[in-house]
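*Asks:* 3D model of this:
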Amino acid sequence: MKKLVTLHEFIMDRQADFPYATGELSRLLSDIAVASKVVSKDVRRAGLLEDFLGAQGSTNVQGEEQQKLDVIADNQFIQMFQSGGEVCGIASEENDDFMAFETEYSKKGKYVVLFDPLDGSSNIDVNVSIGTIFSIYRRKSEVGTKATLEDMMQVGSEQIAAGYVLYGSSTMLVYTTGRGVNGFTLDPSIGEFCLSHPDMKMPETGRLYAMNEGNINICESGLKEYIETYCQQTLPGASRPYSGRYIGSLVADFHRNLIKGGIYIYPDTETDPEGKLRLLYECNPLAFIAEQAGGLATTGRQRVMDIVPEKLHQRIPYIVGSKTMVEQAMSFLK
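*Replies:* As a prediction, this is how the structure comes out:
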């Protein structure tokens, strides 16, 4: 029987890849794993506890109604980052502004983390897969001082690590440090993430597309033409059209396409001219993973990880997935 490799063992084995980090990055990744285990436990118990299900009664900075588990997950990750000592500040999709940690211990942290604590939270009440997305950068400000906005507003290509946790039929953590993509599944019998998907590669093409087709008549004509030409028709040499698979949880849609091959599209529309997804909390980290797995991530005209952020909660149009499929979609955009 093959020996299970735990996430902790895997991180320790790869620690030599980052001589500048002297262990801090390894501890930070371990902290994220611990926090995600707690959130996973809360997600699995949500249907039994009234305090976990339903709306919080408030909205976040995007004007979206916060779910109770949004706030619970956000607080869990923030507490973990505050106590760990590797992080000097964070920015979260659920908070209006970034948070610079105040303790002298935290000010010595070398990293900042930007994250979406519970992506797809509108699906919580109907028991559909949801997830956590995170992005790690080295701070720009001087170590020993408070974190600044400049620390948060970095180009995606400067990420040193990114990943997501999928709370689905099993809980899975997928991450990259720029040296490939690896996936770990939580074994509840031992309470450890174990390596289950080493060196993940996104197929160069696939037969799956994910888009909210309720937007098809209000997005630009080129994307509508791509969907109608490549996705909904049987092309020469093909036995059938592509299959539409749209869950409405970005992590779940992305994870499926990472494994099986496919394309995810959330374009700018007449009602959302800047796009809907957040550059710093969702698009950059998944773009990093996609590129490391052999895929592509673009706005349709620009590589996502080349975008210079202009504001903390900036939105962009987003196309991510298998390389050939993304290139096909881009060819329809004028």
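*Asks:* contact partners for P117?
*Replies:* By CB atoms under 8 Å, 6 or more residues apart in numbering, the residues touching P117 are V39, D70, A73, D74, Q76, F77, S92, E93, E94, T132. Every residue, glycine included, has its C-beta placed from N, CA and C.
*Asks:* quick one: which of those residues sit in helices?
*Replies:* With DSSP state H as the criterion, helices contain V39, D70, A73, D74, Q76, F77 from among the contacts of P117.
*Asks:* select only the buried ones of the residues you listed in ChimeraX?
*Replies:* In ChimeraX, this line selects whichever of these come out buried by 16 or more other CB atoms under 10 Å:
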select :39,70,73,74,76,77
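*Asks:* now pLDDT and distance to E102 too, for the ones in helices among the contacts of P117, in TSV please.
*Replies:* Shown next, in TSV, are these (pLDDT from 0 to 100; distance: CB to CB, whole Å):
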residue	pLDDT	distance to E102
V39	93	24
D70	87	24
A73	93	22
D74	95	18
Q76	95	19
F77	97	18
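*Asks:* which stretches of the stretch 201-334 of the chain have low pLDDT?
*Replies:* Along the stretch 201-334 of the chain, segments meeting pLDDT under 70 span 235-239.
*Asks:* quick revisit: make TSV out of the ones in helices among the contacts of P117 and add distance to E86.
*Replies:* Converted to TSV, the ones in helices among the contacts of P117 look like this (distance: CB to CB, whole Å):
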residue	distance to E86
V39	19
D70	24
A73	20
D74	19
Q76	17
F77	13
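*Asks:* and which of the ones in helices among the contacts of P117 is nearest to M330?
*Replies:* Set against M330, the nearest of these by CB to CB is D70 (33.1 Å).
*Asks:* quick check, that closest one in contact with S121.
*Replies:* Yes: the pair D70 / S121 is scored as a contact, 4.9 Å apart, by CB atoms under 8 Å.
*Asks:* domains in the protein, by residue range?
*Replies:* Using automatic domain parsing, the domains assigned to the chain come out as 7-197, 208-331.
*Asks:* between the ones in helices among the contacts of P117, which is nearest L25?
*Replies:* Nearest to L25 among the ones in helices among the contacts of P117 is F77, at 16.6 Å by CB to CB.
*Asks:* now the closest residue in space to the closest one that isn't next to it in sequence: which helix or strand?
*Replies:* What sits nearest to F77 in space, not counting adjacent residues and going by CB to CB, 6 or more residues apart in numbering, is A35, at 4.9 Å. In this structure, A35 is located in helix 24-45 according to DSSP states H and E.
*Asks:* packing partners of that helix?
*Replies:* Helices and strands touching helix 24-45, as assessed by 3 or more CB pairs under 8 Å, 6 or more residues apart in numbering; DSSP states H and E, comprise helix 7-14, helix 68-84, strand 111-119, strand 130-138, strand 161-167, strand 171-176.
*Asks:* and of those, who's closest to Q314?
*Replies:* Nearest to Q314, of the helices and strands packed on helix 24-45 and by CB to CB, is strand 111-119 at 11.5 Å.
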